[in-house]
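Trainee: Next come a sequence and a model predicted from it.
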Amino acid sequence: MSVEAEIHQLVLGMDGISAVFVVDPLWKNVVSQLGSLLGQDGASGQLQFVDCSTDRSGANPVMTVRLRIGADGSVPAPALARAVAATIRTHVKSVQPDVDVVAAVEISAISV
């Protein structure tokens, strides 16, 4: 399982989370899907729920993890975002201890 898939499942299991949404806005996903369909292989691209990118230009590699979540209202949104970010940092450090982690957590919806 990829780091992205592991983070996706980990975050979905947290208290206060109602959903993990695709990382990119709808219009960008539509353009990407259309491009995949028009490509040579004809295979459609998969939607991306967690985006991990690593910058190796500095002294230590830095992995930036982006995701968009939906909150169910049972946990205050700022506390939920901090908890998700901390969980992501802990998980990535457990599998890649030499990488520094930046977690960019966007709360896209809060249901009550």
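Mentor: Okay, I see it.

Trainee: so residue 104 is in which element?
Mentor: strand 100-110 (DSSP states H and E).

Trainee: Pull up the gap between residue 76 and residue 15, please.
Mentor: Residue 76 is 12 Å from residue 15, where distance means CB to CB, to the nearest Å. For glycine as for every other residue, the C-beta is placed from the backbone atoms N, C-alpha and C.

Trainee: Which residue of these two possesses the greater neighbour count?
Mentor: The neighbour comparison of residue 76 against residue 15 (other CB atoms under 10 Å) goes to residue 76, with 12 against 9.

Trainee: Can you report phi and psi for that one?
Mentor: Residue 76 has phi and psi values of phi -60, psi 140 when expressed as degrees, to the nearest 10.

Trainee: So which residues of this protein form strands?
Mentor: Applying DSSP state E to the chain gives strands spanning 17-21, 50-55, 62-71, 100-110.

Trainee: what distance separates the shortest one from the centre of its chain?
Mentor: Okay, so that is strand 17-21. Using CA atoms, centre = their mean, to the nearest Å, the mean C-alpha position of strand 17-21 is found 11 Å from that of the whole chain.

Trainee: what does the last one give?
Mentor: The chain centroid and the centroid of strand 100-110 are separated by 7 Å, computed with CA atoms, centre = their mean.

Trainee: Output it as PDB, nothing but the C-alphas.
Mentor: Only the C-alpha atoms of strand 100-110 are listed here, as PDB (Å, rounded to 0.1, in the frame of the first residue of the first chain):
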ATOM      1  CA  ASP A 100      10.700  16.200   7.500                       C
ATOM      2  CA  VAL A 101       7.000  16.600   7.000                       C
ATOM      3  CA  VAL A 102       4.700  19.500   6.200                       C
ATOM      4  CA  ALA A 103       1.000  18.600   6.500                       C
ATOM      5  CA  ALA A 104      -1.400  20.900   4.600                       C
ATOM      6  CA  VAL A 105      -4.900  20.000   5.900                       C
ATOM      7  CA  GLU A 106      -7.800  21.900   4.400                       C
ATOM      8  CA  ILE A 107     -11.300  21.600   6.000                       C
ATOM      9  CA  SER A 108     -13.700  21.700   3.000                       C
ATOM     10  CA  ALA A 109     -16.900  20.900   4.800                       C
ATOM     11  CA  ILE A 110     -18.300  20.900   8.300                       C
END
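
Trainee: Noted, bye for now.
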